[in-house]
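Chemist: Any chance you can model this:
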Amino acid sequence: MRKLDDALAEKPARELDEADVRVGRRVRAMRLARNLSLADLATRAGISIGALSQIERGMTSLRVRVIWPLAAALDCEPSALIADGEEQASDLYCVRPRDRRSLPVRSEGIAKALLSPPGATLTGLLVTVEPGGGTAEAYAHAGHEFGFVSAGEVELTIDSARYQLRAGDSFAFKSTLTHAFRNTSDERCEILWVNTTKPSKVRDGD
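Modeler: Down below sits the predicted model:
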């Protein structure tokens, strides 16, 4: 069955347009943010996987007949796909402060903001721990993690060993070691936390 491929204008790699590359990156970022595969989005939009791949690589220009079904498949306004300028909410490589996504937390007194863009191999978080807040219990999982205390203090427990960390201190360990953390001070604590666990599997600080 013929799909909407005829609405695409393919170009040689040497003639790639910067605007088309930005649009392609935006489409891919939005697709990854919605946990959709190329096949999933292509099916929803009624175009072939090859055509969608060309769009994401900036090798084809979006035409009206493709913009509308693609936007509907991504549950966004068509203007979100083609708006010019660098201050866009969806980007393949960058996350603006106002566009940080909050992640659910099981423990009291902890807030998490996702710093890494969709599809990133590493998960970057800004973890805020209020006074008295912390993990309900020690836990472990697959992966590795690194953290930098940017403000306040935090008591970090790794494999039963306790460390009192202050602003400027950093840490790294295998996630398979049981770990927990708590803010025992009277000031809010902020930690830049990076690990190899996907955002959908992150709990509490990591």
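
Chemist: can you list the domains in this protein?
Modeler: Split into domains by automatic domain parsing, the chain comes to 4-82, 97-201.

Chemist: Now mean pLDDT too, for those domains, in a markdown table please.
Modeler: Output for these, formatted as a markdown table (pLDDT from 0 to 100):
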| stretch | mean pLDDT |
| --- | --- |
| domain 4-82 | 80 |
| domain 97-201 | 91 |
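
Chemist: Could you check which helix or strand contains Ala51?
Modeler: According to DSSP states H and E, Ala51 maps onto helix 49-56.

Chemist: Alpha carbons of that helix, as PDB, please.
Modeler: Taking Å, rounded to 0.1, in the frame of the first residue of the first chain, the C-alpha atoms of helix 49-56 are listed here in PDB:
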ATOM      1  CA  ILE A  49      10.300   3.400   8.300                       C
ATOM      2  CA  GLY A  50      12.800   4.500   5.600                       C
ATOM      3  CA  ALA A  51      11.000   7.800   5.000                       C
ATOM      4  CA  LEU A  52      10.900   8.500   8.800                       C
ATOM      5  CA  SER A  53      14.600   7.600   9.100                       C
ATOM      6  CA  GLN A  54      15.400  10.100   6.300                       C
ATOM      7  CA  ILE A  55      13.300  12.800   8.100                       C
ATOM      8  CA  GLU A  56      15.200  12.200  11.400                       C
END
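
Chemist: helix or strand right after it?
Modeler: Where DSSP H and E defines the elements, the next helix or strand beyond helix 49-56 is strand 60-61.

Chemist: Now do the longest helix seen in the chain against helix 49-56, angle only.
Modeler: Taking DSSP state H as the criterion, the chain has its longest helix at helix 18-33. Taking axes from the mean of the first three to the mean of the last three CA atoms, to 10 degrees, one finds helix 18-33 and helix 49-56 inclined to each other by 120 degrees.

Chemist: List the buried residues in the helix or strand just after helix 18-33.
Modeler: Later in the chain than helix 18-33, the nearest helix or strand by DSSP H and E is helix 38-45. Going by neighbour count (16 or more other CB atoms under 10 Å), the buried part of helix 38-45 is 41-43, 45. In this view, the C-beta of every residue, glycine as well, is placed from N, C-alpha and C.
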